[in-house]
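> let me see the structure of the following:
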Amino acid sequence: MRSTSTRVDDFVARAHEIGAPAELVEIDGADHGFVTVDIDPILDRSIAFLGTELRRPTRL
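Residues are numbered from 1 along each chain as shown. Predicted structure coming up:
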């Protein structure tokens, strides 16, 4: 399994590819939320959502 940091870096790169602003801010001790959890499906769904939202016409 790839490290969480590597997967989140991939998420940021994928977000930039679809024009979504994203950044990775690491906070010491905040990794407890990802322990024993496969975050790849979460990251994949997030990119899919952002891609859909960014392609919609602007709502006034």
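> the lengthiest helix in the chain - contacts with which helices or strands?
As assigned by DSSP state H, the longest helix anywhere in the chain is helix 40-55. Counting contacts by 3 or more CB pairs under 8 Å, 6 or more residues apart in numbering; DSSP states H and E, helix 40-55 packs against helix 4-17. To be clear about C-beta, it is placed using only N, CA and C from the backbone, and glycine gets the same treatment.
> re earlier: and the angle for the longest helix of the chain with helix 4-17?
20 degrees (axes from the mean of the first three to the mean of the last three CA atoms, to 10 degrees).
> for helix 40-55, buried residues please.
43, 46-47, 50 (16 or more other CB atoms under 10 Å).
> give me every residue that touches the spatially most central residue of the chain.
With distances taken as CA atoms, centre = their mean, residue 11 lies nearest the centre of the chain, 4.0 Å away. Going by CB atoms under 8 Å, 6 or more residues apart in numbering, residue 11 touches 22, 43, 46-47.
> if we go to 10 Å?
Each residue near residue 11 by CB atoms under 10 Å, 6 or more residues apart in numbering is listed here: 22, 24, 39-40, 42-44, 46-47, 50.
> do the same with residue 16
Counted by CB under 10 Å, 6+ apart, residue 16 has contacts 22-23.
> please tell me how far it sits from residue 44.
When distance is defined by CB to CB, to the nearest Å, residue 16 is 16 Å away from residue 44.
> follow-up on the earlier one: which one among the buried residues of helix 40-55 gets closest to residue 7?
Nearest to residue 7 among these, counting by CB to CB, is residue 43 at 6.2 Å.
> any idea how far the closest residue to that closest one other than its chain neighbours lies from residue 42?
Using CB to CB, 6 or more residues apart in numbering and skipping residues adjacent in sequence, the residue nearest residue 43 is residue 11, 4.4 Å away. With distances taken as CB to CB, residue 11 is found 9 Å from residue 42.
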